[in-house]
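Colleague: What shape does this take:
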Amino acid sequence: MAKYIFVTGGVVSGLGKGIVAASLGRLLKLRGYKVAAQKFDPYMNIDPGTMNPTQHGEVFVTHDGAETDLDLGHYERFIDENLTKFSNLTSGKVYWSVLNKERSGEYLGQTVQIIPHVTNEIKDFIKKNADLTGADIMITEIGGTIGDIESQPFLEAIRQFSSEVGRKNCLFIHVCLVPYISGSDEYKSKPAQHSTKELQSMGIFPDIVITRSDGDCGDAIRKKIALFCSVKEDCVISNVTVDCLYEAPMMLHKNGLDVVVCRELGLKSRCDFSEWRNLIKNIHSRKGDVTIAIVGKYVSLHDSYLSIVEALNHASYFCHVNVHLKWVDSEDLNKNNVADALKDVSGVLVPGGFGTRGTEGMIEACRYARENKLPYFGICLGMQIAVIECARNMAGIFDATSGEFSKHGSHVIDLMPDQNGKRLGGTMRLGAYPCEIADGTLMKRAYNASLIEERHRHRYEFNNDFRDRLVASGLKISGTSPDGRIVETVEVEDHPFFIGVQFHPEFTSRPNKPNPLFREFVAAAKAQKR
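Modeller: Modelled structure (predicted):
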């Protein structure tokens with residue numbers, strides 16, 4: 001029977017529950033277990049797909065096409081397992097499902113209530129993910145903070161679930177802030193005590209309390225929390241700030257997390273942490289520096305491009321160079337200041353996005369990179385920007401634009417035919433699709449394969465009406481759908497690195513297996529610096 005671990009958080013949000021869940025998942029995988037993870041979010045959106053990235057961060061897309069919370073990116077990067085549409089559940093999705101079942105008569109005239117109908121829906125979701133993945137251990141993070149009214153149905157559901165599967169098959173982990181008071185030079189345990197007691201008042205008694213602090217809060221604080229929260233002393237685990245995100249698993253292992261989890265769940269396992277230790281060693285052995293500009297419209301919140309940042313980090317480990325990011329707001333860029341803004345960088349990356357705001361600045365950044373032989377990497381919208389820039393300045397289509405940006409002009413980028421008339425929300429081209437790679441291209445050199453799969457999230461595509469003219473002007477089409485209709489990747493010849501891809505390669509990058517395009521981009525930036 002599968003074992004189930006539930007991770008909750010208290011005192012404040014943003015404590016890093018997702019990193020704890022992801023780190024524990026990696027530790028258990030290194031002990032030989034098949035691990036799956038999922039996230040429950042209390043907000044009422046069906047999924048984060050229609051949210052502004054500056055409010056909630058990036059939307060992470062799974063292999064099977066679900067638009068999910070960014071924490072799932074952490075799960076995939078740490079655990080190195082493809083997650084599914086059952087890996088992210090929101091309050092909106094729960095209520096949507098329950099109400100649709102009520103309308104179709106599935107409840108046979110019952111009065112529909114939070115208990116049992118909503119809680120049963122949540123429990124079914126947990127079981128479906130466990131069945132689909134065949135995991136030995138299922139880790140579920142409950143979003144939000146204990147005390148939030150939106151989270152209560154999820155907490156009640158996991159309380160019921162623990163009774164149904166048996167407490168020996170279920171483990172509760174509560175992550176709490178232990179604040180440091182500089183005036184008295186001491187850590188305070190009271191917030192963690194109150195948060196744990198509030199969780200206990202809901203019928204959930206945590207087996208492990210993880211104390212989140214910048215430094216080690218000390219044995220005295222941990223013993224106090226154990227005493228007042230009815231937790232074993234060695235089940236109060238310190239989670240301290242580390243220099244690099246990927247040091248978290250070994251830090252938590254050093255503090256005993258995976259040992260205690262295995263003991264409490266009755267798990268016997270071997271452990272081989274050499275792979276992860278080698279990764280950490282590789283991270284700290286990097287030499288030299290390169291600066292890469294991320295030219296985007298959501299740069300006020302760096303979490304908007306979280307997977308891209310991590311993919312650049314992964315590539316930097318492989319290329320043995322420290323990558324520094326320069327965040328450039330594309331709204332502020334124009335032909336008069338673009339040279340000054342990008343003069344000190346070794347590469348330019350234009351990421352995905354929606355809408356017309358800031359796109360002219362992106363086009364100027366692309367032009368500057370192409371004309372000055374500066375490595376350029378365009379992702380999704382960044383590829384479309386490259387096509388528009390090349391159309392204007394190489395093919396002489398001076399009014400080239402996207403159908404998303406304007407009703408007028410030459411739409412070298414236009415709405416995909418199957419997207420006509422579709423409403424917003426979960427209707428884009430989503431998930432993994434195949435791409436056939438042409439010989440003698442940067443794509444072929446990077447992937448060393450003729451057919452690949454990468455994840456997509458877009459409504460607009462390269463307009464084939466302009467294909468011949470753009471190719472004749474020097475734009476190379478290096479990747480298409482297997483039938484040749486959908487242009488997936490474009491390149492410019494006689495350039496150290498200029499490539500645009502319609503898909504999102506950042507979603508498949510891993511710390512010990514960087515995505516090939518990010519690897520080649522960072523290598524080109526390193527060469528540019530030399």
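
Colleague: By mean pLDDT, flag the weakest helix or strand of the chain.
Modeller: Least confident helix or strand, the chain: helix 53-56 with a mean of 84, by mean pLDDT, DSSP states H and E.

Colleague: Pull the distance from the helix or strand following it to the chain's centre.
Modeller: Counting by DSSP states H and E, the element after helix 53-56 in chain order, helix or strand, is strand 60-61. From the chain centre to the centre of strand 60-61 is a distance of 6 Å (Cα atoms, centre = their mean, to the nearest Å).

Colleague: Can you get me a residue count around the nearest residue to Tyr75 once chain neighbours are set aside?
Modeller: Sequence neighbours aside, Ala37 is the residue nearest to Tyr75 in space, at 4.1 Å (criterion: Cβ to Cβ, 6 or more residues apart in numbering). For glycine as for every other residue, the C-beta is placed from the backbone atoms N, C-alpha and C. Residue crowding around Ala37 was assessed by other Cβ atoms under 10 Å; the count is 30.

Colleague: Could you report the separation of the residue at minimal distance from the centre of the chain from Thr145?
Modeller: Nearest to the geometric centre of the chain sits Gly73, at 2.9 Å (Cα atoms, centre = their mean). As judged by Cβ to Cβ, to the nearest Å, Gly73 and Thr145 stand 21 Å apart.

Colleague: Just the pLDDT for the residue of the chain most remote from its centre.
Modeller: Distance from the C-alpha centroid of the chain, by Cα atoms, centre = their mean, peaks at Gly109 (41.1 Å). Note on Gly109: pLDDT of 87.

Colleague: residue contacts, the closest residue to Gly218 other than its chain neighbours?
Modeller: Counting by Cβ to Cβ, 6+ apart, Gly218 lies nearest to Tyr187, which is 6.7 Å off, once chain neighbours are set aside. Residues in contact with Tyr187 (Cβ atoms under 8 Å, 6 or more residues apart in numbering) are 178-181, 213, 217-218, 221.

Colleague: what do you get for Leu99?
Modeller: Counting by Cβ under 8 Å, 6+ apart, Leu99 has contacts Val112.

Colleague: And it, how far from Gly143?
Modeller: 21 Å.

Colleague: got it, and Val387?
Modeller: Distance from Val387 to Gly143, by Cβ to Cβ: 38 Å.

Colleague: ok, which stretches of the stretch 351-500 of the chain are strands?
Modeller: 376-379, 400-402, 410-415, 429-437, 451-458, 460-462, 475-480, 487-492, 498-501 (DSSP state E, counting those that start in this stretch).

Colleague: let me redo that: the stretch 51-200 of the chain
Modeller: Counting by DSSP E, counting those that start in this stretch, the stretch 51-200 of the chain has strands at residues 60-61, 67-68, 88-90, 137-142, 170-177, 180-181, 186-187.

Colleague: of all the ones you listed, which lies closest to Glu310?
Modeller: strand 60-61 (10.9 Å; Cβ to Cβ).

Colleague: so what's Arg429 bridging to?
Modeller: Taking DSSP bridges as the rule, Arg429 bridges to His458.

Colleague: wouldn't it be in contact with His458 here?
Modeller: Yes. Counting by Cβ atoms under 8 Å, Arg429 does reach His458; the two are 5.7 Å apart.

Colleague: Now the common contact residues for those two.
Modeller: Met416.

Colleague: out of these two, which sits in the busier spot?
Modeller: Higher neighbour count among Arg429 and His458: His458, with 21 against 18, using other Cβ under 10 Å.

Colleague: Now for the closest residue to Asn82 other than its chain neighbours, how many residues are close by?
Modeller: Computed as Cβ to Cβ, 6+ apart, the closest residue to Asn82 that is not its neighbour in sequence is His63, at 4.4 Å. Residues lying near His63 (other Cβ under 10 Å) number 17.

Colleague: which phi and psi does His63 have?
Modeller: The phi/psi pair for His63 (degrees, to the nearest 10) reads phi -60, psi -40.

Colleague: Can you read off the pLDDT for it?
Modeller: Confidence score, pLDDT, at His63: 96.

Colleague: That one contacts Glu81, doesn't it?
Modeller: No. At 10.1 Å, His63 does not count as touching Glu81 under the criterion of Cβ under 8 Å.

Colleague: Determine the three-state secondary structure at Met251.
Modeller: helix (DSSP: H, G, I helix; E, B strand; the rest coil).

Colleague: Leaving out the residues flanking it, which one is nearest to it?
Modeller: In space, Met251 is closest to Val242, 5.4 Å off (Cβ to Cβ, 6+ apart).

Colleague: What score does that neighbour have for pLDDT?
Modeller: 93.

Colleague: Show the backbone phi and psi for it.
Modeller: Residue torsions, per degrees, to the nearest 10, at Val242 are phi -120, psi 160.

Colleague: bridging residues for the residue nearest to Gly218?
Modeller: Tyr180.

Colleague: low-scoring pLDDT stretches of this protein, where are they?
Modeller: Within the chain, not a single segment meets pLDDT under 70.

Colleague: switch the cut-off to 80
Modeller: 269, 420-426, 529-530 (pLDDT under 80).

Colleague: Heading C-terminal from the helix or strand hosting Lys223, find the next helix or strand.
Modeller: Here Lys223 sits within helix 219-229, counting by DSSP H and E. For helix 219-229, the following helix or strand on the C-terminal side (DSSP H and E) is strand 236-240.
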